[in-house]
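Peer 1: what's the 3D shape of this:
(3 chains)
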Amino acid sequence: MDILAGLNPPQREAAEHGEGPALVLAGAGSGKTRVIAYRIAHLAQAGAARPENILAVTFTNKAAKEMRERVQKLLYAGRSAEPLISTFHSFCVRLLRREIHRLGYKRDFSIYDTDDQKRLVKQTLEEMKLDDDELKPREVLSRISFAKNHGVPPDGYATRFPSDTAQDVEYIYERYEERLHGSNSLDFDDLLLKSVAVLKNNPDLCKHYSNWYRYILVDEYQDTNRPQYDLLRLLTTSHDNLFVVGDEDQSIYKFRGADIGNILKFEKDFPGARVIRLEQNYRSCGTILKVAGAVVANNTERKGKTLWTENPEGEKVSCRRSDTARDEAYMVVGHIRRTLEENPDARVAILYRVGALSRTFEDVLTQQGIPYALVGSVAFFGRAEVKDILAYLRVIFNPEDDAALLRIVNTPPRGIGKTTIDALTSEAIGKGVPLLRLLREKAGDPQFPTRSAKAFQRFLELVDKWTAAQEGTPVANLLATVIQDIRYKEMLQKEESSPETENRIANVEELLQAAAESEQRGETVAEFLDRASLSSELDKLDPEARVALMTLHSAKGLEFDTVFLVGMEEGLFPHSRSSASDAELQEERRLCYVGITRARTKLFVCWTPFRKTHGPGAGFPSRHSRFLDEMPGELVEGLDAIAPGDENVYGPPFPQRPMFTGGGYGYGQHGGEWREDRHADWRDRAPAHVHAVSGAPKPVPPREGRDDAATGAATANQPKSIAELKSYLEKMQQAAASYRPPAAKAAADSGLREGMRVRHDRFGDGIVLRRERSGDDYKVTVTFSLVGKKTLVEKYAKLQKL
DNA sequence: GATTTACGCCTTTTT
DNA sequence: GGCGTAAATC
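Peer 2: Residues are numbered from 1 along each chain as shown, chains lettered A, B, ... in the order given. Okay, here's the model as predicted:
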């Protein structure tokens, strides 16, 4: 059977490509996963390579899993050997578990997550007696990560990246690396870097792996970073059968070190590379594709390709302006409701730039009883209770894992307090000795305070007991013993008794279940821990879910019938923190492109001038996203709500500026020049744009070229007349008035009394237990039938009397 | 040393 | 309105 029969000519050309490098430029929805899967199957079936000599790398577990399933469908099931299809990170872990001893680590190394990393940096900061106002752990970490990924060792840091804090960072970086190594642990970056190092330092080993993996395929090549690139180079030392698939227009991980240059210069890096373009899109309607193309055409950093489709043109894209974020949510959910009524099998997604936007949509969906799947909250393995238990396992497995030990040494509380820990930690660091070993010394040290020593002894006895039992005990049983010994569930119950507790206990149970399943699959403890470290929330997105909520980043690679792109506002999208340079702006635009191209048949783009950022009172109107301006007016219905007017009525167009976080933004006129003024009140200035002007919708005039000024493309959204300006101002004022927190009224007298039955948006129905003054507001304690007792601030709770 | 309360910050994106 | 850390209190 010709397994390639279902492919179009360029897809087929790619799948049949023989030896040598190849670059497949695959536009959104052009079937790139398909091409990789078919190529793997083809290589194996045509006898070019044995399956086990094929390596395919992806970025997410989800993509790897999908790929595996597709390949399995194409090849006969039940082969003894299978191609290795894995993420970069799991491939590296696999490699390192075998080879890391060559770098002076033990094979039982731990993988530090962000929490662990932060803890480490924080300790060093404390030790240095530095205000963490000056240097935030997160910032330090990202600078360290940046240095590591650019091959800059600690002692070269300050010279290479001079700044007033560079010396401090260099010092922290140095300690950080020392302690990581001292804990026999690797951080995320290390997984790649150490893999590269081990291959680089051992040419024979490198050759061995390169010989083994005769054919290497890479998905999402545009997202590779420098170490990933280095790794691929090393793995291709004895051949150049590197087949990469990517789309420069979907490169959205620069902040994480992805280097779009890798895909742009592939042909230079791998001379003789065959380049294949996949430009036929099988996913979206013509209109959606054109809109996406028009937006991304504003980017300069691209190889350029034009997607086309045989799909119908479809409906116009709909642009919706709402008065508030809540209205936006109601509007979107209303559409979803109708969509699902028409077609219960439809798959719908709400996509946003920042995760914080999900809440309002969750509220409204819950309220209306529409089930949804949220990607990106706290992942299962990120839950505190799960991490606690796993930390126990980590310590048993790698006794040098200080970060894990610090996490569990007083969880549950066993009388080993912060002061004691701090003292011991600095001593351990000073001596360069793992914390657990120091604990052992102290437990037997007669000079040490007996109370603490006793506590240590009890703790160590447990650890020793588990360590002894580890061999030959199934992980799940081991974990069950741990949980019992430390009375973990009891601790959870003691902490708080609410539905949340049950949830936590359920999570602990689920972890045991996961351990048992892992065991059944024949995985080792290490493999179980590795999977926990490398898994993410996206991996378990229910593909059956009708409504999915996620960030634009998470949405890459997915597709939906209907997509709502919400929060299309300047400052939010493009995000203010990503609008400083043209390169960042281009990345935001690619993100927008990714969002648009997720939609199969219908796309909504939504915005509101009044999105409450944080806390009440910061209500400055925001401008609609410039990406809306970049969409062709004739393909988008509803754009006229942001009606452009005559260009010259009120002088030059207002410059577009990012929104500044922290205090709203505004523009004030000073000395005849528009400039940013964070404190300018919007009422004091002419509006930057007009919307919802009654009647006279005017098509958006064609935009000619781009204004490449540093401030971004200036657009013409001017009020058309004084009358319109007035009505605009009135609208704004009305909106602002209704925008005040309900507090003002509530504080006067909400009429709430103890014993009353009330309803809460999220918590459901309940009874007021207590109501007491607090400042110029009331605090109410309510027992909800669903979630139990909660104390709420009346002005925020928006309780409805029943 | 542990628990409770207050405050300040938040909002990039994540293998 | 939530979360995490710092300060206050037992």
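
Peer 1: Quick check: chain neighbours aside, which residue is closest to A:V244?
Peer 2: A:Y221 (3.8 Å; Cβ to Cβ, 6 or more residues apart in numbering). All C-beta spots, glycine's among them, are computed from the backbone N, C-alpha and C.

Peer 1: Cross-check the contact I'm expecting between the one you found and A:N262.
Peer 2: Yes - taking contacts as Cβ atoms under 8 Å, A:Y221 lies within contact range of A:N262: 6.6 Å.

Peer 1: Which one's more surrounded, the two?
Peer 2: Under the criterion of other Cβ atoms under 10 Å, the comparison of A:Y221 against A:N262 puts A:Y221 first, with 28 against 23.

Peer 1: Could you report the separation of that one from DNA strand B?
Peer 2: With the distance defined as Cβ to the nearest atom of the strand, to the nearest Å, A:Y221 ends up 15 Å from DNA strand B.

Peer 1: Please name the residues that touch that residue.
Peer 2: Residues counted as contacts of A:Y221 (Cβ atoms under 8 Å, 6 or more residues apart in numbering) are A:23, A:244-246, A:262-263, A:266.

Peer 1: same check, this time on A:S284
Peer 2: So A:S284 contacts A:28-29, A:292, A:309, A:311, A:314, A:597, A:599-601 (Cβ under 8 Å, 6+ apart).

Peer 1: got the residues of the stretch 351-500 of chain A near DNA strand B?
Peer 2: Within the stretch 351-500 of chain A, the positions adjacent to DNA strand B are A:354-356, A:376, A:410, A:413, A:415-420, A:452 by Cβ under 7 Å from any atom of the strand.

Peer 1: Close to DNA strand B as well: tell me which of the contacts of A:S284 qualify.
Peer 2: Among the contacts of A:S284, proximity to DNA strand B is found for none (Cβ under 7 Å from any atom of the strand).

Peer 1: Looking at these, which is nearest DNA strand C?
Peer 2: A:A599 (30.4 Å; Cβ to the nearest atom of the strand).

Peer 1: Got the confidence number for the closest one?
Peer 2: What the model reports for A:A599 is a pLDDT of 96.

Peer 1: For the residue nearest to A:V244, give me the backbone phi and psi.
Peer 2: phi -60, psi -30 (degrees, to the nearest 10).

Peer 1: Kindly provide the distance from A:V24 to A:T601.
Peer 2: As judged by Cβ to Cβ, to the nearest Å, A:V24 and A:T601 stand 26 Å apart.

Peer 1: actually A:L125, not the one I typed
Peer 2: 52 Å.

Peer 1: before we move on, the earlier item: between A:V24 and A:T601, which is the more surrounded one?
Peer 2: Neighbour tally, A:V24 and A:T601, criterion other Cβ under 10 Å: the higher count belongs to A:V24, 28 against 20.

Peer 1: Assign a three-state SS to that one, would you?
Peer 2: The local conformation at A:V24, judged by DSSP: H, G, I helix; E, B strand; the rest coil, is strand.

Peer 1: quick one: contacts for A:R414?
Peer 2: A:455, A:458-459.

Peer 1: Of those residues, just the buried ones, ChimeraX syntax please.
Peer 2: For the buried members of the contacts of A:R414, the matching ChimeraX selection, counting by 16 or more other Cβ atoms under 10 Å, is:
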select /A:455,459
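
Peer 1: now, which of the contacts of A:R414 lie close to DNA strand C?
Peer 2: For DNA strand C, no contacts are drawn from these by Cβ under 7 Å from any atom of the strand.

Peer 1: Keep only those of the contacts of A:R414 that are in helices.
Peer 2: A:455, A:458-459 (DSSP state H).

Peer 1: CSV for those, including pLDDT?
Peer 2: Below are the ones in helices among the contacts of A:R414 laid out as CSV (pLDDT from 0 to 100):
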residue, pLDDT
A:A455, 84
A:R458, 88
A:F459, 90
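
Peer 1: nearest to DNA strand C, of those?
Peer 2: Closest to DNA strand C, out of all of the ones in helices among the contacts of A:R414 and judged by Cβ to the nearest atom of the strand, is A:A455, at 19.1 Å.

Peer 1: I'd guessed the closest one sits against A:G415; true?
Peer 2: Yes - contact criterion Cβ under 8 Å: A:A455 and A:G415 qualify, at 4.5 Å.

Peer 1: Determine the number of other residues adjacent to A:G376.
Peer 2: Using other Cβ under 10 Å: A:G376 sits among 16 other residues.

Peer 1: Look up how far DNA strand C lies from it.
Peer 2: In terms of Cβ to the nearest atom of the strand, A:G376 sits 14 Å off from DNA strand C.

Peer 1: repeat for A:L436
Peer 2: 23 Å.

Peer 1: One more: A:R546?
Peer 2: 25 Å.

Peer 1: ok, that residue - contacts?
Peer 2: Neighbouring residues of A:R546 by Cβ under 8 Å, 6+ apart: A:340, A:344-348, A:370-372.
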